[in-house]
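*Asks:* Attaching a predicted model along with its sequence, questions to come.
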Amino acid sequence: MRRLRLLLRLAARNVRRQARRSLLTATATVLGTAVMVFSFSLGDGAHEDWIEQGVRLGRGHVAIQRPRFQASRHLDDRLTPAALERAQAALADPEIAARVLTVAPRLEVQGLASSASNAFPVFITGVDPEIEARFSHLSDRVIEGRYLEAGDRLHAFVGGRLADRLNLEVGSRLVLTGQDAAGEIAGQFVRVVGIFRTGIPEADEGIVHVPIRTAQEWLGVSGAATSLAVLLQSSDVVEDTRGRLRQAVGGETSDLAVLTWPEVTPELAAAIRVDNFGNYLFYGILFTIVGLAIVNTVLMSVLYRTREFGVLRALGLTRGETAAVAFSEGVLLTFAAGIVGMALGLAVTWGLFRQGLDYSGLLEGDFTISGVVLNPVIVPLFRGARLLQGAGAILVIGVLASIYPAVRARRIDVAEAMKFEA
């Protein structure tokens, strides 16, 4: 242990002796690490917002439904009242309920919306108006009229593009047509109570909300639903909650499937993976440059101190200990600069952007990705796991960058080193 402390003291002394060179290398590491923390925080905040927007427009962080419904989208694969009761009982478990914000029953069917002037294929969703107003952002996107209310029966809430195609306005009547539980084509007259606009073409021309009781009566599935959409506190607890719910409803052999948002909306999950890949590629290039700077600093230190290393060898340091001194220099320099860089990145991100980074000036109108309207204000999200991931990456870079200088220091020959001028 005393020997190890001596080697570390020698390494720290050598870093201080070459103050200018060490400072230049440390500055590159500090700036690179600060940029990484800043980018991670804003990237995680943006992705969390994408997920929040996507799950509120879709089927939540977690969806409980029949195993085949995801593929069939058919009423034959609906949740019966008994199945709904079992699912609600599972969600009532105290450990699960503590994470749940809202549970919205949905009755979804593909159909046709027709007016006197035109007809268009749509995705019809029966919803509980009061619950859906808390769950979905559609109630905040009203441009005419209002959202559905508890007392509504033969009413519909439609998108702006669909209203334009069918020449609809608030108060207009339209016919919704779909296949009922008996396999027959059934129609339902409804009156437009409100029109919304999300900025997503597919949603604005393809979504129609009606009261779930109206949809149940129309389609002949009293008390049933096709899925329960579960909104959680955050996306961080999705996997654990899915596991608990699966156990609560009967495990892998259950007739109830518990799906997470990446399974229900794979295009959004793919977009986040692509964005993360781009970030990691950028960080890889950035820290490769930082690593080369560290290699240069430590290697130059070794080459300029050949005689000094020869003296240390003559005084009793082994080849391995000589290499350990050079190796420790690189690791200490990288780790110290990395800690400073992480602190700087956190301070700048929190101090300047904790209320959000507004880039709305760079956009013209709504910007969408994978069916999600992007929020022009990114609020950074600080995750401990990301900081540990960053610290681990810095340490790995320091270790890798210090290997070659350590090998060069190990190969120094005592007799040859003593010929160098001090």
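*Replies:* Structure received.

*Asks:* now the residue sitting nearest the centre point of the chain: how far from residue 355?
*Replies:* Residue closest to the average C-alpha location in the chain (CA atoms, centre = their mean): residue 47, at 4.0 Å. Here the distance between residue 47 and residue 355 works out to 19 Å (CB to CB, to the nearest Å). For every residue, glycine as well, the C-beta is placed using N, CA and C.

*Asks:* same deal with residue 312?
*Replies:* On the measure of CB to CB, residue 312 and residue 355 end up 54 Å apart.

*Asks:* just residue 132 next, same as before
*Replies:* 30 Å.

*Asks:* okay, these two: which has more neighbours?
*Replies:* residue 132 (25 against 9; other CB atoms under 10 Å).

*Asks:* And the host helix or strand of the more buried one, what does it pack against?
*Replies:* Per DSSP states H and E: residue 132 is located in helix 129-135. Helix 129-135 is packed against strand 100-114, with contacts defined by 3 or more CB pairs under 8 Å, 6 or more residues apart in numbering; DSSP states H and E.

*Asks:* Mind listing what's buried along the helix or strand just after the strand it packs on?
*Replies:* Downstream of strand 100-114, the next assigned helix or strand under DSSP H and E is strand 119-127. Within strand 119-127, the residues scored as buried using 16 or more other CB atoms under 10 Å are 120, 122-127.

*Asks:* pLDDT averaged over the helix or strand containing residue 22, what's the number?
*Replies:* Assigning secondary structure by DSSP H and E places residue 22 in helix 19-57. Helix 19-57 shows an average pLDDT of 83 in the prediction.

*Asks:* The stretch 301-422 of the chain: strands as residue ranges?
*Replies:* Under the criterion DSSP state E, counting those that start in this stretch, the stretch 301-422 of the chain contains strands at 357-358, 368-369, 372-373, 377-378.

*Asks:* which of the buried residues of strand 119-127 lies closest to residue 111?
*Replies:* residue 124 (4.9 Å; CB to CB).

*Asks:* what sits opposite that closest one in the beta ladder?
*Replies:* residue 109, residue 208 (DSSP bridges).

*Asks:* give the contact list for it.
*Replies:* Listed by CB atoms under 8 Å, 6 or more residues apart in numbering, the contact set of residue 124 reads 108-111, 113, 176, 178, 208, 210, 215.

*Asks:* What pairs with the strand or helix carrying residue 190, parallel or antiparallel?
*Replies:* For residue 190, the host element (DSSP H and E) is strand 185-196. Using DSSP bridges, the strands paired with strand 185-196 are strand 142-145 (antiparallel), strand 155-159 (parallel), strand 173-179 (antiparallel).

*Asks:* Would you mark the buried spots in it?
*Replies:* 186, 188, 190, 192-196.

*Asks:* Then stretch 66-73?
*Replies:* So stretch 66-73, judged by 16+ other CB under 10 Å, has buried residues 66, 69-70.

*Asks:* got it, and stretch 138-154?
*Replies:* 138-139, 141, 144-145, 147-148, 152.

*Asks:* Would you point out the most distant pair within those residues?
*Replies:* 141 and 152 (17.8 Å).

*Asks:* and residue 410, what does it touch?
*Replies:* 319-320, 322-323.

*Asks:* I meant to write residue 33 there.
*Replies:* 337-338, 340-342, 344-345, 390, 394.

*Asks:* how near is the closest residue in space to it that isn't next to it in sequence to residue 394?
*Replies:* Closest residue to residue 33 apart from its sequence neighbours, by CB to CB, 6 or more residues apart in numbering: residue 341 at 2.7 Å. Look at residue 341 and residue 394: by CB to CB, they are 8 Å apart.

*Asks:* Next, show the common contact partners of the two.
*Replies:* Joint contacts of residue 341 and residue 394 (CB under 8 Å, 6+ apart) are 29, 33.

*Asks:* secondary structure element for residue 298?
*Replies:* Per DSSP H and E, residue 298 falls inside helix 266-304.

*Asks:* can I have stretch 220-236 written out in PDB, keeping just the CAs?
*Replies:* Presented in PDB, the C-alpha positions along stretch 220-236 are these (Å, rounded to 0.1, in the frame of the first residue of the first chain):
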ATOM      1  CA  GLY A 220     -73.200  -4.300 -29.600                       C
ATOM      2  CA  VAL A 221     -70.500  -4.800 -27.000                       C
ATOM      3  CA  SER A 222     -72.100  -3.500 -23.800                       C
ATOM      4  CA  GLY A 223     -69.600  -2.800 -21.000                       C
ATOM      5  CA  ALA A 224     -66.600  -3.900 -23.100                       C
ATOM      6  CA  ALA A 225     -63.500  -2.100 -24.300                       C
ATOM      7  CA  THR A 226     -60.600  -3.000 -26.600                       C
ATOM      8  CA  SER A 227     -57.900  -1.700 -24.300                       C
ATOM      9  CA  LEU A 228     -57.100   0.100 -21.000                       C
ATOM     10  CA  ALA A 229     -54.600   2.900 -21.600                       C
ATOM     11  CA  VAL A 230     -52.400   3.500 -18.500                       C
ATOM     12  CA  LEU A 231     -50.600   6.800 -18.000                       C
ATOM     13  CA  LEU A 232     -47.700   6.500 -15.600                       C
ATOM     14  CA  GLN A 233     -45.700   9.100 -13.700                       C
ATOM     15  CA  SER A 234     -42.800   8.800 -16.100                       C
ATOM     16  CA  SER A 235     -41.300   6.500 -18.700                       C
ATOM     17  CA  ASP A 236     -38.600   5.400 -16.200                       C
END
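
*Asks:* Residue 317 - how many residues pack around it?
*Replies:* 20.

*Asks:* so how many other residues sit close to the residue nearest to it when sequence neighbours are not counted?
*Replies:* Leaving aside its sequence neighbours, residue 317 sits nearest to residue 325 (CB to CB, 6+ apart; 7.6 Å). Residues near residue 325, counting by other CB under 10 Å, number 24.
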